[in-house]
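Enquirer: My questions concern the predicted model and sequence given below.
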Amino acid sequence: MAAPLGADEFSQLMAGLGPFEAAPVIAVAVSGGPDSMALCALAHDWARARGGRVEALIVDHGLRPDSSEEARRVAGWLASPDMSCRILTWDGAKPQSHIHATARAARYGLLLDCCRGAGIAHLLLGHHQDDLAETFLIRLERHSGLDGLAAMAAIVETPDVRLLRPLLTMPRARLHATVAARRLSSSPECCFLRRGSRTRS
């Protein structure tokens with residue numbers, strides 16, 4: 001059985017993604033799935049131990065009638081006096097084709113805009129080892145070049161916000177074990193965009 005990810009091990013993962021402020025304020029993208037719920041809980045403890053805090057960001061794509069309700073449910077799971085939680089809504093007309101790619105772009109746009117507006121320099125994403133392997137295989141099937149086969153990066157620098165993926169060396173099983181050990185609520189899938197294709201971002 002997989003072992004849950006503990007605070008010391010997570011601190012080591014975060015150490016490789018610095019530098020961070022003395023009292024770091026970290027945004028975490030939360031879908032409600034076990035991967036992002038585990039990341040949010042670990043990041044929350046990590047930031048608090050350093051005098052900082054976590055801002056949980058939930059994106060409601062509005063692609064299904066019950067997506068707003070799901071977003072509020074995830075926000076309820078995260079409710080805590082020492083953690084802020086925001087629901088970011090993708091408004092306007094939705095695409096009839098290339099839905100996954102368009103929704104992914106909208107999601108990142110909302111997350112980055114929120115971080116910029118709040119002055120948050122670090123955005124954590126819950127991609128893990130299994131996502132990394134799957135992304136590589138998908139891009140290999142699509143005959144991607146060397147850059148495409150590089151798959152996901154642990155650190156992506158944008159002009160105002162650093163996108164960080166601390167869990168890329170962690171298998172999914174350990175994140176699910178973390179959720180179970182902490183008795184966290186989660187959804188079996190990412191809440192707001194059901195996986196109808198093997199698309200990773």
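Expert: Here it is on my side, so go on. Numbers count the residues shown, from 1 in each chain.

Enquirer: show me what contacts the residue most central in space within the chain?
Expert: The chain has Leu125 as the residue nearest its centroid, 3.1 Å off, counting by CA atoms, centre = their mean. By CB atoms under 8 Å, 6 or more residues apart in numbering, the contact set of Leu125 is Ala29, Leu39, Leu163, Leu164, Arg165. For glycine as for every other residue, the C-beta is placed from the backbone atoms N, C-alpha and C.

Enquirer: right, and the secondary structure at the residue nearest to the third one when sequence neighbours are not counted would be what?
Expert: With CB to CB, 6 or more residues apart in numbering as the criterion, Leu163 has its nearest non-adjacent residue at 4.0 Å, and that residue is Val156. Put simply, Val156 is strand when judged by DSSP: H, G, I helix; E, B strand; the rest coil.

Enquirer: Give me the pLDDT for the closest residue to Pro171 other than its chain neighbours.
Expert: Nearest residue to Pro171, sequence neighbours excluded (CB to CB, 6+ apart): Gln129, at 4.8 Å. The pLDDT attached to Gln129 in the predicted structure is 83.

Enquirer: got any ranges where the chain has weak pLDDT?
Expert: For the chain, applying pLDDT under 70 flags the ranges 132-151, 188-201.

Enquirer: if we go to 80?
Expert: Along the chain, the model assigns pLDDT under 80 to residues 1, 81, 92-98, 100-101, 130-152, 187-201.

Enquirer: still on that earlier bit, test my guess that the residue nearest to Leu163 contacts Arg162.
Expert: Yes: at 7.2 Å, Val156 and Arg162 qualify as touching, with contact defined as CB atoms under 8 Å.

Enquirer: Format the contacts of Leu125 as CSV; extra columns: neighbour count, distance to Trp90 and secondary structure.
Expert: As requested, the contacts of Leu125 are exported to CSV (neighbours: other CB atoms under 10 Å; distance: CB to CB, whole Å; DSSP: H, G, I helix; E, B strand; the rest coil):
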residue, neighbour count, distance to Trp90, secondary structure
Ala29, 24, 14, strand
Leu39, 29, 22, helix
Leu163, 20, 19, strand
Leu164, 25, 23, strand
Arg165, 22, 22, coil
